[in-house]
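[1] no sequence for this one, just the structure:
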């Protein structure tokens, strides 16, 4: 592909390789007479190219002869400025064509703090921000991903949302569009036709009404909506994971995660009450061992990556994990590549010693909470004894660097729970020094990180209040001051960013005005500390006459929530029961041990 910007001008910006395309395994098609889909990732190239969902859907759509899927990423500010100075619109990497020439522009909503980047990409593409302002000459704008389970804050900007597994209904949508395009139908007529496809939500066909206190009083199809418009939007669901690309696009510059990735499973049976992915992707669906081993060989041969990562919400819970590891270790020994686990459960390390025989990276674990009471309240199903014994076994295997992830501001958390983060970390250090001296080759290093807890839709904590930035910051200071051992380093996430994230996560469509105002006043790359403008967001709320704390307050169980019209399969009364169990610090066993009746049909009860 030839960039729309001359190569000598690209050399003046940081990392021009973000914009040139031409990577190994990309697909370039002749675009005449076929559907053109621009997959847009609203962050920089290095982050977007590390996202497996982009790779899967890129090859999934390009397997169709009548569809060409290309990629676009949010340009870094220097490139955005260059595009504006050169009077060039944002373009796709494969063809170099402006995004405005495509039939569809599809955004993935992975993180609420990328919402202003979506508006920036539309602006750079010279496409009106609001759906109501876009005529027939503009592409259809769609969006999917985990944040689409509450699409309302972005409702004014998106023509239709896709909720659920991408591979489940995309073919049906693309088939319908191909026939619709041949017949010369309008954009509105197409949107009317797709309303009854699983996972599709067209915001323009729904009306929201509000009580005097600002809460929702109603949400339903509008009077002029198509007759088939559903009151409840069912997620698109894939019963079995069948498609996986034989190769991945190999970036020409180093990506954030520069490795081949195997998707072991989708979903999780653990039931951690804070984890949105654990509920919206239920039930757990696993790929077969032989299938995964064949895929690993194909990926390593077709990409040249020197590391392969096992992707799942909890990789060690994969049913045939040890058998899979045995096969992968043999493959990786022959290929001289590394195996990595993004995060490891310390109560499931039986295969770790086998992975250690291959070149491997440091170990990452997520206790989430320091005290046992709080781990029970969030249903982590992990005891302190299991944590300490697991760390000791890891140290015995030669690991001397551990990364521990915790959350701050969890429901019912006390200062004693916060201090327990430091106490548990120090106990882990002590486990290392229980090793015989000859086995301690270096000083142990424990890096702990606390993220600010943000309540998310479709979790048992979707009703709880979120702590203020000031309270988050106070707890972070207290934890930091309580750490005594020099082997421990402590990092924490920005509480003000978490505050805005929490508002967007549980917001309604009135927030579209806030997002647009914040963007127009300079808010972009909000997920990047050096670019986040907290005051700009506060000013946007003020100008929109919206109180931000309205969205971080505790919700009543009887309140209509902005996402209640979406059915992900998990029953609301189950989530309420789990909230009550959390208050009592009562554990719910994982799905393979006992069916808790969440409402999702699965086969765990047969195991």
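    Great, that's in hand. The structure presented is a predicted model; accordingly, all values stated were derived computationally and were not measured. Residues are numbered from 1 along each chain as shown.
[2] Please enumerate the helices of the stretch 151-300 of the chain.
    Counting by DSSP state H, counting those that start in this stretch, the stretch 151-300 of the chain has these helices, from start to end: 166-182, 187-193, 276-280, 289-303.
[3] Stretch 29-46 spans what distance, first to last residue?
    The first and last residues of stretch 29-46 sit 24 Å apart, counting by CA to CA, to the nearest Å.
[4] before we move on, the earlier item: out of the helices of the stretch 151-300 of the chain, which one sits most buried?
    Mean neighbour count (mean count of other CB atoms under 10 Å) peaks for helix 276-280 among the helices of the stretch 151-300 of the chain, with a mean of 22. Placement of C-beta: from N, CA and C, glycine included.
[5] Rounded mean pLDDT for it, please.
    For helix 276-280, mean pLDDT is 96.
[6] tell me how far it is from the chain's mean position?
    Distance, stretch centre to chain centre, for helix 276-280: 11 Å (CA atoms, centre = their mean, to the nearest Å).
[7] What distance do you get for the closest residue to residue 203 other than its chain neighbours to residue 113?
    Spatially, and ignoring its direct neighbours in sequence, residue 203 is nearest to residue 155 (3.8 Å; CB to CB, 6 or more residues apart in numbering). Residue 155 sits at a distance of 18 Å from residue 113 (criterion: CB to CB, to the nearest Å).
[8] and if you look at residue 36?
    In this structure, residue 36 and residue 113 are 29 Å apart, going by CB to CB.
[9] just to revisit the earlier point, columns distance to residue 470 on top of the helices of the stretch 151-300 of the chain, output as CSV?
    Converted to CSV, the helices of the stretch 151-300 of the chain look like this (distance: least, CB to CB, whole Å):
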stretch, distance to residue 470
helix 166-182, 39
helix 187-193, 44
helix 276-280, 25
helix 289-303, 47
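[10] just so I know, which of these lies nearest residue 233?
    Residue 233 lies closest, by CB to CB, to one member of the helices of the stretch 151-300 of the chain: helix 166-182, at 11.6 Å.
[11] for the protein, what helix or strand is lowest in average pLDDT?
    Each helix and strand of the chain was given a mean pLDDT (mean pLDDT, DSSP states H and E); the minimum falls on helix 352-356 at a mean of 67.
[12] count of neighbours near the residue nearest to residue 203?
    Residue crowding around residue 155 was assessed by other CB atoms under 10 Å; the count is 22.
[13] was I right about residue 279 contacting residue 570?
    Yes: counting by CB atoms under 8 Å, a contact exists between residue 279 and residue 570, whose distance comes to 5.2 Å.
[14] overlap in contacts of these two?
    The overlap between the contact sets of residue 279 and residue 570 (CB atoms under 8 Å, 6 or more residues apart in numbering) consists of 458, 598.
[15] Quick check: the nearest residue to residue 602 once chain neighbours are set aside vs residue 467, distance?
    Nearest-residue entry for residue 602: residue 283, 3.3 Å, with adjacent residues in sequence omitted and distances by CB to CB, 6+ apart. Taking CB to CB as the measure, residue 283 falls 32 Å from residue 467.
[16] Between these two, which has more neighbouring residues?
    Remark: of residue 283 and residue 467, residue 467 carries more neighbours, 24 against 18, as counted by other CB under 10 Å.
[17] Can you give me the pLDDT of the more buried one?
    Here the pLDDT value assigned to residue 467 is 97.
[18] Tell me which residues touch the residue nearest to it when sequence neighbours are not counted, please.
    Nearest-residue entry for residue 467: residue 409, 4.0 Å, with adjacent residues in sequence omitted and distances by CB to CB, 6+ apart. Contacts for residue 409 were tallied using CB under 8 Å, 6+ apart; they are 452, 453, 466, 467, 471, 472, 475.
[19] Just the residues you listed: which are in strands?
    Cross-referencing those against strands under DSSP state E gives residue 452.
[20] Now which of the contacts of residue 409 would you call buried?
    When burial is judged by neighbour count using 16 or more other CB atoms under 10 Å, the buried members of the contacts of residue 409 are 452, 453, 466, 467, 472, 475.
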